[in-house]
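> one predicted model, sequence on top.
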Amino acid sequence: MNQVLDKIYETQLVEDIEGNLINPFPTSTPYDIGTLFQQLIKQHNFNRTLEVGMAYGLSSMFICQAHQDKGLGSHIAIDPFQSSEWKSVGLLNVNKAGLSEYFHFYEEFSYQVLPRLLNQGNKIDFAFIDGSHHFDYTLVDFFYVDKLLEVGGYVVFDDIWMPGIRKALYYILKNRMYELVKNPTSSSIPKRIGRFMKRFLQNPLETNYSGIKSLPDNICVLKKIADESEDNRPWDFYRSF
């Protein structure tokens, strides 16, 4: 683990450029989820990674550290509010951690950057979608990430406690060539039950397609199982979600 990350999780604080201390939680990526990202990236040798939404940069550091450990890789982060909302703490942390060599940053909206990356011929193996949590923005992020993502690549969605995120996942799993990836979790049974009950109470009539509402953590990992050349949906294909 990186010493900068270790200190942040030990103290539960990050520091801005003026030396002000800020509690980055619960906004930031939990430790066990960050280590899961590292495990996936190393296990599958994912070398081209991307995230939408950077905030205090903890997920960026976990991912870049995985690349550094492998000695190979490149990570793209997109966050239009890094300076205004997050006081550039994310960028500062990546630099402090000595991970800038593996890091590329765009301070623009994802709907501006992702099409540009696609037009430039970029490809990725792993994506973390944690930007705007509105249903429409999440679906737009996924649309372009899907175009960039290689078959066999993973896309992770954060904050599935939010109904709009779950709705986007139902669409993807019912209409696109993706499958749910079940990963080990360190969440306690009471915490799992609490998360499920919160999701259930938000909308008791909501479907639990593929067990999304029952997932033990607040992330969902999907694997791309086919590319566009294998997309043989009829022109009017649609499955209700």
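Arrived safely.

> who's in contact with Lys147?
Lys147 makes contact with 118, 228 under the criterion C-beta atoms under 8 Å, 6 or more residues apart in numbering. Bear in mind the C-beta positions are built from the backbone N, C-alpha and C, glycine included.

> middle-most residue in the protein, spatially?
Closest residue to the average C-alpha location of the chain: Phe128 at 2.0 Å, with C-alpha atoms, centre = their mean.

> just say helix, strand or coil for that one.
Here Phe128 is strand, with the state taken from DSSP: H, G, I helix; E, B strand; the rest coil.

> against Asn218, how distant is the closest residue to it other than its chain neighbours?
Closest residue to Phe128 apart from its sequence neighbours, by C-beta to C-beta, 6 or more residues apart in numbering: Glu51 at 4.0 Å. Remark: distance between Glu51 and Asn218 (C-beta to C-beta, to the nearest Å) = 16 Å.

> what about those two, which has more around it?
Each of Glu51 and Asn218 had its neighbours counted (other C-beta atoms under 10 Å), and the higher figure belongs to Glu51 (26 against 18).

> how close does that one sit to His75?
As for Glu51, its distance to His75 is 7 Å (criterion: C-beta to C-beta).

> shared neighbours of these two, which are they?
60, 63.

> please enumerate the helices of the protein.
For the chain, the helices defined by DSSP state H occupy 3-11, 31-43, 58-70, 89-96, 110-119, 135-148, 163-175, 189-202.

> quick one: closest of these to Glu18.
Relative to Glu18, the nearest member of the helices of the chain by C-beta to C-beta is helix 89-96, separated by 10.5 Å.

> hmm, the residue nearest to the centre of the chain is touching Leu40, no?
No - using C-beta atoms under 8 Å, Phe128 makes no contact with Leu40, being 10.3 Å away.

> list the contacts for Lys181?
Actually, residue 181 is Val rather than Lys. Val181 touches 154, 221-223, counting by C-beta under 8 Å, 6+ apart.

> no no, Ala77
Here Ala77 is in contact with 50-51, 54, 57, 60, 90, 103-106 (C-beta under 8 Å, 6+ apart).

> neighbour-wise, which of those residues leads?
Gly57 (33 neighbours).

> that one touches Asn95, doesn't it?
No - using C-beta under 8 Å, Gly57 is not in contact with Asn95; the gap is 9.4 Å.

> please name the nearest non-neighbouring residue to Arg192.
Once flanking residues are discounted, Arg192 sits nearest to Pro216: 4.4 Å by C-beta to C-beta, 6+ apart.
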